[in-house]
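*Asks:* after the sequence you'll find the predicted model.
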Amino acid sequence: MHGTPYAWDALCGDAVWGGPTLLTTGAGSRNVIGNQLHLVLRSRPDVVAVWDDTDVARRWLMLCPLQRDEHGQPVEPTEFELNRIRNDKDRLAEIRLRLSDISWWMRLLSQNIAQ
């Protein structure tokens, strides 16, 4: 990563590179060649399956926050925000799938780079 013309870590941010802490899809390894980003990804739906509803809601709201602080970092979700997800079983099931979906990981990565 050192000496590349792009600061991928700065562009992608901790929420994406730290994917395994919030998502169960994360970069096992990465390499930058010129202007190309190469990733080896792993999906772990078995891990998401054992998370309780609060974990699922909190992780999602930290990845896709409704509020940010003055530095642009996600603010810890409120009980109201958590309950909106926890009390909607269809939405909760959809979010569980997304937290282990490589396509959603790539979507979040692309959004973060674009911003």
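*Replies:* Thanks, I have the structure now. Quick caveat, the model's predicted, so the values are computed rather than measured. Numbers count the residues shown, from 1 in each chain.
*Asks:* from the middle of its chain, how far away would the longest helix seen in the chain be?
*Replies:* Longest helix in the chain by number of residues (criterion: DSSP state H): helix 102-114. Mean-position distance between helix 102-114 and its chain equals 8 Å (C-alpha atoms, centre = their mean, to the nearest Å).
*Asks:* again with stretch 46-65
*Replies:* The answer for stretch 46-65 is 10 Å, by C-alpha atoms, centre = their mean.
*Asks:* could you do stretch 65-72 as well?
*Replies:* Taking C-alpha atoms, centre = their mean, one finds stretch 65-72 lying 15 Å from the centre of the chain it belongs to.
*Asks:* next, count neighbours for residue 54.
*Replies:* For residue 54, the count of nearby residues is 14 (other C-beta atoms under 10 Å). The way it works is simple: take the backbone N, C-alpha and C, and place the C-beta from them, glycine included.
*Asks:* whoops, I mixed them up, residue 102
*Replies:* Neighbour number of residue 102 under other C-beta under 10 Å is 14.
*Asks:* verify the contact between it and residue 44 for me.
*Replies:* No: at 10.6 Å, residue 102 does not count as touching residue 44 under the criterion of C-beta atoms under 8 Å.
*Asks:* for the protein, which segments count as strands?
*Replies:* For the chain, the strands defined by DSSP state E occupy 26-33, 36-42.
*Asks:* these: lowest mean pLDDT?
*Replies:* Ranked by mean pLDDT, the strands of the chain end with strand 26-33 at the bottom, a mean of 68.
*Asks:* low pLDDT regions in this protein?
*Replies:* 1-30, 112-115 (pLDDT under 70).
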